[in-house]
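Colleague: fold the following for me, if possible:
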Amino acid sequence: MRLLIFMSAFVLLSCGQNSSNENKEKAKNDTVKVSADTAKASVKEPVHISPGEGIVNETLKAKYGNKWHVLNDKEAKWMKDAFDYFIVPKRKEDPDYPYITKGDFNGDGRTDTAAVVTDDNKENFRIAILAGPGKIELWEEDMLINAALTTVPKGMIEGGDIDHPKKIKLKGDGINVEYFEQASFVIYWNGSSFKRIQAGD
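Modeller: Numbering: from 1, shown residues only. Now for the predicted structure:
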C-alpha cells in the first residue's frame, strides 16, 4: 500500500515538473518571439534626404505656405525594380537625383534649381523652377508621379517627333524630365518663357 502511495506521489510530481518545464519553455519561446518582433518593428528603412531639399522647401513655403514640398521616395511609390535600376546608380553621383537638379535655366548666368514637388494631399505634381529670388514657376504640363530630373547643358538639342523633328539652340541649360520606360521631354527657356520639346522614348 505504501509502495502504491509512493508511486502515485512520484507520478504526480513528475507530471507537475514536466508541465512546469513545458510552461517555462513556452514562456521563453514567446519572450524570444516578442523580442524578435519588437526588434523587427523598430528597424526602419533609411529615409533619403536630398541635400537641396531644405532650401527648396523653405523657398516654396515662403510663397505658397505648406501647399507644395519636394517629393520624396516614400511619396513617389517607385516600383522596386525601377528604383534599383533607374534611381540608385545615378544617385551615387548626384545625391539630389531624381527630384532636384541645378543649372542656369533662364540664361542669366546664375544657378537656378528645378524640383519635382507635390501638394499637401500628395495628389498633384509639378516641377518648381526657382529662377532667382522670389521667382518660382510651377510647370504642370505632362507631369506624372515618378518624374526624374537632370540638367541638359546649354547648346543644340534635337527633339520633336518623327514627322516634325526640331533643332533648338538653348539660351540656358534645359531641364530633362524623364520617366522609367516612357517618353521624356526637355523644358527650356526661349527668351521670355519656359517651353517644352519632346526629347525621346
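Colleague: from here on, contacts and neighbour counts on C-alpha atoms
Modeller: Fine.
Colleague: following element in sequence after the lowest-mean-pLDDT helix or strand in the chain, please.
Modeller: In the chain, no helix or strand scores lower on mean pLDDT, DSSP states H and E than helix 2-42, which sits at a mean of 48. Later in the chain than helix 2-42, the nearest helix or strand by DSSP states H and E is helix 53-64.
Colleague: any idea how far that following helix is from the middle of the chain?
Modeller: From the chain centre to the centre of helix 53-64 is a distance of 18 Å (CA atoms, centre = their mean, to the nearest Å).
Colleague: could you give the mean pLDDT of that helix?
Modeller: Helix 53-64 shows a mean pLDDT of 95.
Colleague: with only the CA atoms kept, save that helix in PDB.
Modeller: What follows is helix 53-64, C-alpha atoms only, in PDB (Å, rounded to 0.1, in the frame of the first residue of the first chain):
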ATOM      1  CA  GLU A  53      15.500  69.700 -50.300                       C
ATOM      2  CA  GLY A  54      15.600  72.000 -47.300                       C
ATOM      3  CA  ILE A  55      16.300  75.200 -49.300                       C
ATOM      4  CA  VAL A  56      13.700  74.400 -51.900                       C
ATOM      5  CA  ASN A  57      11.100  73.700 -49.300                       C
ATOM      6  CA  GLU A  58      11.800  76.900 -47.500                       C
ATOM      7  CA  THR A  59      11.500  78.900 -50.700                       C
ATOM      8  CA  LEU A  60       8.200  77.200 -51.600                       C
ATOM      9  CA  LYS A  61       6.900  77.800 -48.100                       C
ATOM     10  CA  ALA A  62       7.700  81.500 -48.300                       C
ATOM     11  CA  LYS A  63       5.500  81.800 -51.400                       C
ATOM     12  CA  TYR A  64       2.800  79.100 -51.100                       C
END
